[in-house]
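Visitor: Sequence plus predicted model, see below.
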Amino acid sequence: MPDRPPRLPSNAATGPDLPPDATGADVWAALGAAGHLRRAYRGGDVRAGIDPDGLADVLAAVDARWSIPATLSVSVPLATGLPVLATGRSAAVEHCLERVLSGRATVALAATDDSAGTDLTALRTQVMIEEDSVTVTGTKEWITNSTTAEAFLVLARHRPGRHFAHFTWVLVPADAPGVAVKAAPSALYAASGVGHVSFDGVRLPRERIVGRVGLGLPVFARHIAAERMAGVLWGIALCRRVLDDTWRRLRERAHGEGMLADLGTVRQRLAACLVRLEELRALADRYAPEVAHQHDPRAAALLKAAAGTTVPYILGECAQLWGAAGFADGGIQEIRAQAALFGIGGGATEVVRETVADNTENLLASLGRKDLPW
């Protein structure tokens with residue numbers, strides 16, 4: 001029996017007439033034109049909050065058709081970028097929000113800069129706020145959608161020091177004088193439009209401030225929880241798809257008098273993956289509503305920590321089972337490398353585990369049962 005093509009994913013699902021290697025911006029435009037972007041929010045309204053089921057549907061549909069970089073380009077703005085943008089009410093914000101939700105434009109969430117990404121209070125990008133204008137100066141690195149964005153949602157400090165109230169969001173047009181974008185040197189994530197952005201004294205009207213001055217970090221902390229939740233929902237869809245493709249291949253690959261899928265060692269590895277995936281799905285079912293409706297950072301950290309170890313484990317096992325064919329262009333080994341972001345993006349696994357550890361007593365108490373009367 002001939003081998004199946006080694007490329008993963010198989011793009012048999014119907015959808016927009018875009019190639020499997022379409023850019024994130026192309027996928028975003030297709031989703032917007034079809035009205036699917038609003039499905040991620042309750043009642044189709046960004047300000048009403050994330051709808052976990054709707055977001056999961058969108059991410060699963062994108063993952064089934066397009067690449068990991070393209071899915072990242074959709075996940076970050078849906079889960080974090082647009083909700084942060086929607087905290088503003090100015091005419092500039094409303095105009096940008098309408099264009100992005102319709103798929104006619106993309107916006108890039110520019111939070112991390114050339115300091116450590118997990119230490120946002122060390123940000124060096126600055127915004128000088130005057131009576132009728134703001135001036136942004138600094139550098140942002142490894143920003144998804146940088147090379148395609150119509151605007152950047154920039155987290156900048158308006159006051160020196162590490163206090164959480166010293167940071168503010170600013171909506172910066174990509175074509176404003178002083179903005180320079182450079183694609184990041186990453187073949188793995190080129191389709192996501194990832195890049196580095198510099199702001200050299202970019203002067204804008206004060207209406208470009210998003211939300212209230214000084215609420216930049218609290219707003220980010222509130223909405224990064226949804227990004228962590230989105231990573232879990234996406235991770236479940238990705239692992240399910242890869243396991244399905246792997247199982248199909250194993251059932252079609254001859255080995256001795258049977259197929260690879262008949263080998264006990266193979267079945268044990270697949271079973272272990274299925275158990276891990278079911279565990280992740282159970283955690284998502286339990287905690288996603290708390291993240292979506294209450295912005296619970298502890299629940300989000302628990303989900304992110306689980307995805308950061310489960311997704312690499314499952315993809316690593318599948319990569320081994322694909323053998324040499326997994327090294328083909330677009331194969332499982334490439335997907336495995338791209339999926340390393342599940343342990344880094346939105347907070348490294350070690351960082352979110354610290355949050356989980358801080359919540360030890362509450363987690364243990366929630367697992368307890370009422371004692372029987374004696």
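Guide: Alright, I've got the coordinates.
Visitor: following the helix or strand hosting Ala61, which helix or strand shows up next?
Guide: Ala61 is part of helix 52-65, with elements assigned from DSSP states H and E. Note on helix 52-65: by DSSP H and E, the next helix or strand toward the C-terminus is helix 68-76.
Visitor: From the chain's centroid, how far away is that next one?
Guide: 6 Å (Cα atoms, centre = their mean, to the nearest Å).
Visitor: same check, this time on stretch 205-220
Guide: 22 Å.
Visitor: Contacts only, for Met259.
Guide: 250-253 (Cβ atoms under 8 Å, 6 or more residues apart in numbering). For every residue, glycine as well, the C-beta is placed using N, CA and C.
Visitor: That one and Cys273: what is the separation?
Guide: The spacing between Met259 and Cys273, counted by Cβ to Cβ, to the nearest Å, is 18 Å.
Visitor: go on, Ala365?
Guide: For Ala365 relative to Cys273 (Cβ to Cβ), the value is 32 Å.
Visitor: before we move on, what about Ser146?
Guide: Counting by Cβ to Cβ, the gap from Ser146 to Cys273 is 34 Å.
Visitor: Please apply the same query to Ala190.
Guide: 29 Å.
Visitor: Looking at these two, which is more packed in?
Guide: Cys273 (23 against 18; other Cβ atoms under 10 Å).
Visitor: Which parts of the chain are strands?
Guide: 107-110, 126-129, 133-143, 151-157, 167-173, 179-183, 195-205, 209-210, 254-255, 258-259 (DSSP state E).
Visitor: Residues touching the fifth one, excluding its own?
Guide: Just to be clear, that refers to strand 167-173. Contact with strand 167-173 is made by 84-85, 87-88, 92-93, 96, 110, 120-121, 123, 127, 129, 134, 136, 150-158, 179, 199, 202, 204, 208-211, 213-217, 219, as judged by Cβ under 8 Å, 6+ apart.
Visitor: Report the buried members of those residues.
Guide: Neighbour counting over the contacts of strand 167-173 (16 or more other Cβ atoms under 10 Å) leaves 84-85, 87-88, 92-93, 96, 110, 120, 123, 127, 134, 136, 150-158, 179, 199, 202, 204, 208-211, 213, 215-217, 219 as the buried ones.
Visitor: Read off the pLDDT value for the residue at the greatest distance from the centre of the chain.
Guide: The C-alpha centroid of the chain is most remote from Trp374, which lies 50.7 Å away (Cα atoms, centre = their mean). We have a pLDDT of 87 for Trp374.
Visitor: same deal with Leu120?
Guide: For Leu120, the predicted pLDDT is 79.
Visitor: just the one 3 residues further on next, same as before
Guide: For Leu123, the pLDDT comes out at 89.
Visitor: same deal with the one 4 residues further on?
Guide: Note on Val127: pLDDT of 97.
Visitor: residue contacts, Val291?
Guide: Applying Cβ under 8 Å, 6+ apart to Val291 gives the contacts 50, 52, 225-226, 228-229, 299-300, 303.
Visitor: wait, Ala165 sits on Gly214?
Guide: Yes. The pair Ala165 / Gly214 is scored as a contact, 4.4 Å apart, by Cβ atoms under 8 Å.
Visitor: Quick check: phi and psi on His166?
Guide: Main-chain torsions, His166, degrees, to the nearest 10: phi -100, psi 20.
Visitor: What is the neighbour count of it?
Guide: 18.
Visitor: Relative to Leu18, how far out is the spatially closest residue to it that is not a sequence neighbour?
Guide: Counting by Cβ to Cβ, 6 or more residues apart in numbering, Arg159 is the residue found nearest to His166 once chain neighbours are left out, at 4.2 Å. Counting by Cβ to Cβ, the gap from Arg159 to Leu18 is 45 Å.
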